[in-house]
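Chemist: Dropping the sequence and predicted coords here.
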Amino acid sequence: MKSILQMFKWALGALFSLAPKGCSLNVGIPGDMITLYVKDMYKAALEAYKEEETKFNQIFKVESVTEGGGDKEDQLLGLGSLKRHTVIGEQVDFKSPVQGWAFYTKYQMYSDGLILAKETVEDVVKRGALGNIMKGLSGTWGRSIRIEKETLGAAVFNDGGDLAGNFVFNGTHPGQTDPSGDLLYDSEPLFNLSGNTRTTKGGGTYYNALSASLTLTPADFESLYNLHTATNNRDERDRIVRNPADTLLVRCGAEAFKADRIINSGVGMPNSQLNDKNPYYKIVSVIDWDYLTDGTVDVNPAYYVGKRQHPDFVWRERQAPEIRFFRDEEDLSYKASVNVRFAPFIKNFRIWSRAGGTSA
C-alpha cells in the first residue's frame, strides 16, 4: 500500500512539473467560489420572487410539510346528532365513528437547469461576469417559481368545472392511488351545476356552481352568495352548519371594476336609480387575480364567492427552492439547477362557489 501511495505522489508531482514555469494547471472554479455563487443565487431568487404580490397564498391556507411524495387524510364524520332524553334515567346511545371521504394530494415538482461548457466558463466568461450571470439567472427562476405557483393555484378554479377533471386534483403518489383520479375526492368536479349534483354521505344532493350565462351583476352576485351561505350551509351528514363567505374573487380589469361598484358603493343600490341602502356594501372583500381564465372574457367570465385561507382549502409547501451549482465530471461542463415542490390540497367542495364560466 505504501509503495502505491508513493507512486501516486510521484506521478502527481511529475504532472505538475510539466506545467510551464510560473503557471498552474487549470482545475476549474474553486469550491469556495461555487459556495458564494449559490449564496448569491438564493438571494437573487428570493428578491425576484417577492417583486410582485402573489394571490394563491391569499386564497389558500399555506402549510409547510417536510416529507412524503403526497398525502392522504381520512375524514371522520363524528357521531352525529345528540339524543334528547325524554324520560328520567334514559340510557346513552353509544355509536362508532363513521368514516367520510378520503382526501389525496400529490406534491408537484418543478425544475429548470442551465449548462455552461468548460471552455465557456474558463476561457470566455470572467469570474466576476460569471457571478453576475448566475445572479441574473436566479432572478428569472424566482419569477418563474412565482408564476408556476400562481398558475397551479388558479388551475383549481379555471379547471374546477371540467367534467374530465385536471391533474391538479389527482392525488396519486407513491404508495397511494387516488380513486377519484383527476376529479375531486367524491369523483365530481370541484364546481358542479344543478344538473350534475353531488351526493353527501348523508344522502343529500348539492351543487356549487350557477349557470354559465350569469354575469357579475348585483342580482347574480346575490344568487351566488345565497347558494353559498344559505343552501350549501350543510355538513356531510346534511346538518345545518355555517358556511361563511368573505371574498369575491374575480378577474382583473373590467370584472374588478364591476365587483368594486357592487361591494364598495356605500350609498344607494349599485346600477340602480333607487336610493335604497346597498345590502352588499362590504359584505365581502374583492380580490382580483390575473391568472383566472375560465369563461369568455367579454361574455361570461367566471367569478367566485368563498372563504379565503380556509383550513379545508390548503396549499402545501413540500420543499423550498433548492439551487445547485456544480461541475459535471462526465463532460467537465458547469451546471446550475433549481427545483421546488408544492401542491394544493382540497378537502371540502363548499369552500368556494362559482357563477359564469364554463357550462361543465
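Modeler: That came through fine.

Chemist: Return the residues in contact with Phe325.
Modeler: Ile34, Tyr37, Val38, Met41, Met134, Tyr334, Lys335, Ala336 (CB atoms under 8 Å, 6 or more residues apart in numbering). Heads up, the C-betas are built off the backbone N, CA and C, glycines and all.

Chemist: can you give me the helices for the stretch 251-360 of the chain?
Modeler: 254-264 (DSSP state H, counting those that start in this stretch).

Chemist: ok, which stretches of it are strands?
Modeler: Listed in chain order, the strands of the stretch 251-360 of the chain (DSSP state E, counting those that start in this stretch) span 285-289, 303-306, 310-327, 334-346, 352-355.

Chemist: what lines up beside the third one in the sheet?
Modeler: This means strand 310-327. strand 60-64 (parallel), strand 334-346 (antiparallel) (DSSP bridges).

Chemist: which is the next helix or strand following the first one?
Modeler: Next along the chain after strand 60-64, taking DSSP states H and E as the criterion, comes strand 70-76.

Chemist: just checking, what packs against that following strand?
Modeler: strand 99-106 (3 or more CB pairs under 8 Å, 6 or more residues apart in numbering; DSSP states H and E).

Chemist: mind saving the C-alpha coords of the strand it packs on as CSV?
Modeler: C-alpha atoms of strand 99-106 as CSV (Å, rounded to 0.1, in the frame of the first residue of the first chain):
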residue,chain,number,x,y,z
GLN,A,99,-65.6,7.4,8.1
GLY,A,100,-66.3,10.0,5.4
TRP,A,101,-64.2,10.8,2.3
ALA,A,102,-60.5,10.1,1.8
PHE,A,103,-58.6,13.2,0.6
TYR,A,104,-55.4,12.9,-1.5
THR,A,105,-52.8,15.3,-2.8
LYS,A,106,-49.6,14.8,-4.8
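
Chemist: Can you mark which positions in the helix or strand that that strand is followed by are buried?
Modeler: Using DSSP H and E, the helix or strand that follows strand 99-106 towards the C-terminus is strand 108-116. Neighbour-count burial for strand 108-116, counted by 16 or more other CB atoms under 10 Å, picks out Gln108, Tyr110, Leu116.
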